[in-house]
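# Provide a 3D model corresponding to the input given below.
(chains A and B)
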Amino acid sequence: MLESVNIEVHPGELIALIGRNGSGKSTLLRTLCGLQEPLSGNVLLYHTYIRKYAISERARKIAYVSTDTIHAGHMKVKDLVALGRTPYTGWLGKLSWEDNAIVLEAMEGVGIVDKQHEFIDEISDGERQRTMIARALAQNTELIYLDEPTAFLDVINRFEIFHLLQYLTRDKGKTIIFSTHDIHAALAEADGIWLIENKNIKYGAPEDLILSGELEGIFNTEKVQFDQRNASFTIKKIFGDTIGLEGDESIEKEWTAKALERLGYRIEKDKDKIPSVHVLKSGEKTIWKLQKKSGSVELKNIYELSLHLRKMLN
Amino acid sequence: MKPEWATILLDFRLPKALTAVIAGTALSVSGLEMQTYFRNPLAGPFVLGISAGASLGVAILVMGISLFTGSVLISAGTQWSVAIASWAGSGLVLLLILAVSLRIKDNTTILILGILFGSITLAIVSILQYSSSESEVKAFIIWTLGSLGNVTGPQLRIMIISVAAGLLIALFAIKGMNVLLLGEQYTLTMGINIRLIRILIFTSTSILAGTITAFCGPIGFIGIAVPHIARIIFQSSNHRILLPGTLLLGSSIMLISDIISHLPGSKQILPINSVTAIIGIPVVVWIIVKKQRLVTLA
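A predicted model of the protein is given here:
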């Protein structure tokens, strides 16, 4: 699926794998795990081909967190994390005193200790994802691969997972490669980005890829544009009318500008422009004064302003 | 004690109770293995057609060599061949289901296919019956009702040896089964040899379910229901707890079913299948109602 990928990963790095849907992120991760034969080329781990390792040996080097949701009846959080010790336990899978200590440490690492006796189908999605990460930690590997660990999570949970991954690389010395669609957060938090595009991988620090314009190239489409300065995405605006915007520099004025753009106006710097919006601040209160050809109206908030403007457009 | 009492107790009641214990153990442990392997709470030897496969094996053997004379279970020398025929039959159905499950990941589809495989094997059994005499057919129908009472000394010995072997194999699959609960991808990345575990589970299930089906007829619902009761009672998904728990519960529930089938105070004996159905079906209904959707079961 991918052509000529030749990248090295360094210990302690947090690598985000990004690319459009169907670009081959999951396939690449599974290949890196040794779960499937590389379609061409090789994956080397410590200078040895990954498929050459015995599966038991591989399990002590790489842990994997998939996108599958686990539905095991009556499985407790601690039981699931304890399964991470599988490569180290005997034929019955019984945990030693030391194994138990590692399991506890893994649960502490992701902050799930207080939930350890709850059933996994009764905890929240964010807690379940952290449990899955704890299981990978208990596997005690240097490398951890995660396939879309932030999918299905709300924004707070997403940032908590990112924070956790960062902590694991910086403080615990793990090397982590994860795929994500959360590009904004990935660019802000990861040490390196692997960008999959058209069967090719671009890689580098997030800032390098932004500066070189690689990201813009991939993510600019007819309808969506990538903002190089903020590393964020917006729907491309089709501007119609122009409007003036006046007032002292303030956060209120900035957000008014955003609202006007959303409504399809291009803002003009011309002082005498009509129509125009004047953001007036007096103490705690802000008033939006809309100057029209037919006169002016004072509005209490941006929503009222937008109602007026929309009426004007029609 | 009167000598006839001793005869009743030692020659009839004791073997029957022992048969119940062995059958209950074997069927419920094979159900647990299937539910874990297919990650499907409605899996079991009966539902997946494994019992039907065993019936087919026995029918081909028995009717094929036309030794089907009045009693299904024939002379002591051929008892082992009956057992082996049933293992081959159940193993064959299991392999078919496995082949399909590697391509189709959907739980419901696999269950439906299991039921279809079961039906087709039973259809073949019926065709075999068509060319058999009336008494053979009658004996076969009685056998399909399931009975714990037809097992005699040599058969019991074969059952004990086979079931012990099946359980021993299951013991070696415990660690793998715990990991299998997370699915195949996790199993592979956690250093478990999935091929070996698959062979262990399938061999064990074929032997356990096949043996019981050969000697007691197809007994339903114990295989599905008991593992769930064990999960509820022991509040665990760990097979180190679930396997012995299921074994214990399976044997006790089968013993109780046997006692109920004797209808204390009456001379009538109910078919064991009716009793296990009355005990097992409410559990199955409860699972379906509780989980609502088949896809998320397990």
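# List the residues that contact residue 272.
No chain specified, so I'll use chain A. The contact partners of residue A:272, by CB atoms under 8 Å, 6 or more residues apart in numbering or on different chains, come to residue A:244. Just so you know, the C-beta spots here come from the backbone N, C-alpha and C atoms, and that holds for glycine as well.
# please go with chain B instead
Neighbours of residue B:272 in contact, by CB under 8 Å, 6+ apart: B:145, B:146, B:147, B:148, B:216, B:219, B:257, B:258, B:261.
# Now do the contacts for whatever residue of the stretch 151-298 of chain B ends up closest to chain A.
At 3.0 Å from chain A, residue B:191 is the closest residue in the stretch 151-298 of chain B, using CB to the nearest CB. Taking CB under 8 Å, 6+ apart as the contact definition, residue B:191 lies against A:55, A:56, A:57, A:58, A:59, A:60, A:86, A:87.
# How about residue B:197?
By CB under 8 Å, 6+ apart, the contact set of residue B:197 is B:173, B:176, B:177, B:180, B:187.
# The third one: what's it in contact with?
What that stands for is residue B:177. By CB under 8 Å, 6+ apart, the residues touching residue B:177 are B:33, B:36, B:37, B:197, B:201, B:239.
# Against residue A:20, how distant is it?
39 Å (CB to CB, to the nearest Å).
# Return the set of buried residues in the helix or strand in which residue B:6 is found.
Element membership for residue B:6 (DSSP states H and E) is helix B:3-7. Buried positions in helix B:3-7, judged by neighbour count with 16 or more other CB atoms under 10 Å in any protein chain shown: none.
# Show me what residue of the stretch 201-314 of chain A gets nearest to chain B.
In the stretch 201-314 of chain A, the residue that lies nearest chain B is residue A:201 (22.4 Å; CB to the nearest CB).
# my read: that residue touches residue A:7, true?
Yes. Counting by CB atoms under 8 Å, residue A:201 touches residue A:7, with 6.5 Å between them.
# Give me the common contacts of these two.
residue A:194.
# for chain B, what are the nearby residues on chain A?
A:30, A:33, A:35, A:55-60, A:62-64, A:66, A:68, A:70-76, A:79-80, A:83-84, A:86-87, A:89, A:91-94, A:139 (CB under 8 Å from any CB of the partner chain).
# Going by neighbour count, which of those are buried?
A:30, A:33, A:35, A:55, A:58-60, A:62-64, A:66, A:70-76, A:79-80, A:83-84, A:86-87, A:89, A:93, A:139.
# Quick check: phi and psi at residue B:34.
Residue B:34 has phi and psi values of phi -70, psi -40 when expressed as degrees, to the nearest 10.
# Which residues are in contact with it?
B:40, B:43, B:44, B:45, B:48, B:50, B:205, B:223.
# mind listing what the nearest residue to the fifth one once chain neighbours are set aside touches?
Leaving aside its sequence neighbours, residue B:48 sits nearest to residue B:114 (CB to CB, 6 or more residues apart in numbering or on different chains; 3.7 Å). Neighbour list for residue B:114: B:43, B:47, B:48, B:49, B:97 [criterion: CB under 8 Å, 6+ apart].
# of residue A:201 and residue A:7, who's got more company?
Legend: neighbour count by other CB atoms under 10 Å in any protein chain shown for residue A:201 and residue A:7, higher for residue A:201 (20 against 11).
# ok, back up a step: of the residues of chain A next to chain B, which belong to strands?
Residues of the residues of chain A next to chain B located in strands (DSSP state E): A:62, A:63, A:64.
# How are the strands of the stretch 101-250 of chain A distributed by residue range?
In the stretch 101-250 of chain A, the segments counted as strands under DSSP state E, counting those that start in this stretch are A:143-146, A:175-179, A:192-197, A:200-204, A:224-227, A:232-235, A:242-246.
# Deepest-packed of the ones you listed, please.
Neighbour counts (mean count of other CB atoms under 10 Å in any protein chain shown) averaged over each of the strands of the stretch 101-250 of chain A peak at strand A:175-179, with a mean of 25.
# Show me what that strand packs onto, helices and strands only.
Strand A:175-179 sits against strand A:14-19, helix A:25-33, strand A:143-146, helix A:155-170, with contacts defined as 3 or more CB pairs under 8 Å, 6 or more residues apart in numbering or on different chains; DSSP states H and E.
# can these go into a markdown table with extra columns for mean pLDDT and distance to residue B:163?
Below are the helices and strands packed on strand A:175-179 laid out as a markdown table (pLDDT from 0 to 100; distance: least, CB to CB, whole Å):
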| stretch | mean pLDDT | distance to residue B:163 |
| --- | --- | --- |
| strand A:14-19 | 92 | 50 |
| helix A:25-33 | 86 | 39 |
| strand A:143-146 | 94 | 43 |
| helix A:155-170 | 91 | 48 |
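# Distance to residue A:129 added to those, as a markdown table?
Compiled in a markdown table, the helices and strands packed on strand A:175-179 are given as follows (distance: least, CB to CB, whole Å):
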| stretch | distance to residue A:129 |
| --- | --- |
| strand A:14-19 | 16 |
| helix A:25-33 | 16 |
| strand A:143-146 | 9 |
| helix A:155-170 | 6 |
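# nearest to residue A:218, of those?
With respect to residue A:218, and counting by CB to CB, the nearest of these is strand A:14-19 at 7.6 Å.
# Just the residues contacting that closest one, thanks.
Outside strand A:14-19, the residues touching it (CB under 8 Å, 6+ apart) are A:9, A:25, A:28-29, A:165-166, A:169, A:175-181, A:183, A:186-187, A:189-197, A:206, A:218.
# With adjacent residues omitted, what lies nearest to residue A:190?
The shortest distance from residue A:190 to any non-neighbouring residue, by CB to CB, 6+ apart, is to residue A:16 (3.9 Å).
# and that neighbour, what are its bridge partners?
Listed beta-bridge partners, residue A:16: residue A:178, residue A:193 (assigned using DSSP bridges).
# Could you report the separation of it from chain B?
From residue A:16 over to chain B the distance is 20 Å, taken as CB to the nearest CB, to the nearest Å.
# Let me know the average pLDDT across stretch B:127-146.
Average pLDDT, stretch B:127-146: 72.
# What's the local residue count around residue B:128?
19.
# Can you give me the pLDDT of the residue nearest the centre of chain A?
Residue closest to the average C-alpha location in chain A (CA atoms, centre = their mean): residue A:182, at 2.8 Å. On pLDDT, residue A:182 comes in at 88.
# Please apply the same query to residue A:283.
At residue A:283, pLDDT is 80.
# how about the closest residue to chain B within the stretch 51-200 of chain A, phi and psi?
Closest contact between the stretch 51-200 of chain A and chain B, by CB to the nearest CB, is at residue A:59 (3.0 Å). Note on residue A:59: its backbone torsions stand at phi -70, psi -20 [degrees, to the nearest 10].
# ok, it - contacts?
Listed by CB under 8 Å, 6+ apart, the contact set of residue A:59 reads A:86, A:87, A:139, A:141, B:189, B:190, B:191.
# Please name the nearest non-neighbouring residue to it.
Residue A:59 sits nearest to residue B:191 (CB to CB, 6+ apart), 3.0 Å away.
# The one you found in helix, strand or coil?
At residue B:191 the chain is in coil, as set by DSSP: H, G, I helix; E, B strand; the rest coil.
# where exactly do the helices run in chain A?
A:25-33, A:55-58, A:77-82, A:97-110, A:125-138, A:155-170, A:183-189, A:206-211, A:214-219, A:251-262, A:302-313 (DSSP state H).
# And the ones you listed, which one averages the lowest pLDDT?
Ranked by mean pLDDT, the helices of chain A bottom out at helix A:214-219, with a mean of 79.
# one step back: would you list the contacts of residue B:34 in a markdown table and tack on secondary structure?
Output for those, formatted as a markdown table (three-state DSSP):
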| residue | secondary structure |
| --- | --- |
| B:40 | coil |
| B:43 | coil |
| B:44 | coil |
| B:45 | coil |
| B:48 | coil |
| B:50 | helix |
| B:205 | helix |
| B:223 | helix |
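# And those, which of them are buried?
Listed as buried from the contacts of residue B:34 are B:40, B:43, B:44, B:45, B:48, B:50, B:205, B:223; burial here means 16+ other CB under 10 Å.
# Okay, now the unreliable bits of the stretch 51-200 of chain B?
Along the stretch 51-200 of chain B, segments meeting pLDDT under 70 span B:64-78, B:107, B:136, B:139-140.
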